[in-house]
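In: Take a look and give me a structure for this.
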Amino acid sequence: MTPPDGDAERDDEEGDAEAASGTAAEQRVDPSEAFAALSDPLRVDILRELASAHRERAVEPMGFADLRKRVGVRDSGRFRYHLNELRDNFVRKDDGGYRLTVTGIETVAAILAGTYTHGGTLGPEPIDSECSACTSAAVAVYRDGRCAVTCESDHVLFAWSLPPAAAADATLPEVVSLAELYARQAIERALAGVCPKCSAPVEPRVVTERDDPEPADPVPGLRVACDTCGGRLVGPVGFCLLVDPAVAAFYRRHDRPLDACHVWEPAFVADDAVEVVERDPLRVAVDVTLDGETLAVSVDGAGQVSVREG
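Out: Just a heads-up that it's a prediction; the model follows:
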């Protein structure tokens, strides 16, 4: 459809009648239709300006004339057409003006972060760590939105996605630290039953070689798969300990803050020193040892950590 021409400046009264037929929360939009609404650069500019206004005004909506001038479109009819294409899903009319919906805010954030549009590469270069398997230097690289750490012998130590905007003005060590922060947060959310990608419910599982259909190794591991977005989190059982308060407190007592370590460095992550002590229900024993003192913990089939007695 071709957008109409027109010069008449008027408020969008017909929008109130449209809004009465259903709210954004009540409507379901086909994903292909939603992304098609962003096919014109002018519509992306509208979202950008509304996001800018959101930062400046916090809660105040922006009027039609003000928004049109900020976007820089002289033809009000053409502007109205493109604005209406964004209505309900990305933009809503409120108190005589326009503001972003939650979907609009998330979409603009992804655009500004470069999630859909930017690449960029940093490294490879050595970082201040070493491989637990061969003690060779750790090497990091950031490419196409993904941070990866290996060693000079190509052992994979860590890999995580990171929006390009986060790496725009950062050094590679800073990128690695931020990717580790994202990873810790994702593990914590996943163990709480929330998908780190889309926030849908998930069921974290600790699996062994007997019940993992495609085991990557013979030791137990954490597996989280989202049926909604297809996101997956795969790692060692030690990931569960990375975000456990008792383990963190144990490290602090020994003046070694756990969040100051790279995620691949603690022995309970790097080593295979875990033992399946029960299979039904599953229970995995892990011993965390620092300076001759040991904290004995168990991890159940849902990835929950508890301190063992004795």
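
In: thinking residue 264 is in contact with residue 242, fair?
Out: No. Applying C-beta atoms under 8 Å, one finds residue 264 not in contact with residue 242, separated by 10.1 Å. The way it works is simple: take the backbone N, C-alpha and C, and place the C-beta from them, glycine included.

In: Who has more neighbours out of these two?
Out: residue 242 (24 against 21; other C-beta atoms under 10 Å).

In: residues touching that one, list them.
Out: Residue 242 makes contact with 184, 187, 258, 263, 266, 269, according to C-beta atoms under 8 Å, 6 or more residues apart in numbering.

In: one more time with 10 Å
Out: 180, 183-184, 187-188, 191, 235-236, 248, 258-259, 261, 263, 266, 268-269, 305 (C-beta atoms under 10 Å, 6 or more residues apart in numbering).

In: Repeat that for residue 299.
Out: Residue 299 makes contacts with 206, 220, 222, 237-241, 244, 268, 274, 276, 282-286, 305-306, as judged by C-beta under 10 Å, 6+ apart.

In: got it, and residue 249?
Out: 258, 295.

In: How much space separates it from residue 198?
Out: Residue 249 sits 32 Å away from residue 198, going by C-beta to C-beta, to the nearest Å.

In: ok, now residue 99?
Out: Distance from residue 99 to residue 198, by C-beta to C-beta: 23 Å.

In: Tell me which of the contacts of residue 242 fall in strands.
Out: Mapping the contacts of residue 242 onto strands (DSSP state E) picks out 235-236, 305.

In: If residue 278 is in a bridge, with which residues?
Out: Beta-bridge partners recorded for residue 278 (DSSP bridges): residue 283.

In: where do the strands sit along the stretch 101-250 of the chain?
Out: 121-130, 137-143, 146-151, 156-161, 205-207, 221-225, 232-236 (DSSP state E, counting those that start in this stretch).

In: and these as CSV, adding mean neighbour count?
Out: Formatted as CSV, these follow (neighbours: other C-beta atoms under 10 Å):
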stretch, mean neighbour count
strand 121-130, 16
strand 137-143, 19
strand 146-151, 20
strand 156-161, 17
strand 205-207, 19
strand 221-225, 20
strand 232-236, 18
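
In: For the residue nearest the centre of the chain, list the residues it contacts.
Out: Nearest to the geometric centre of the chain sits residue 197, at 4.9 Å (C-alpha atoms, centre = their mean). Residue 197 is in contact with 161, 186, 189-190, 226, 228-233, counting by C-beta under 10 Å, 6+ apart.
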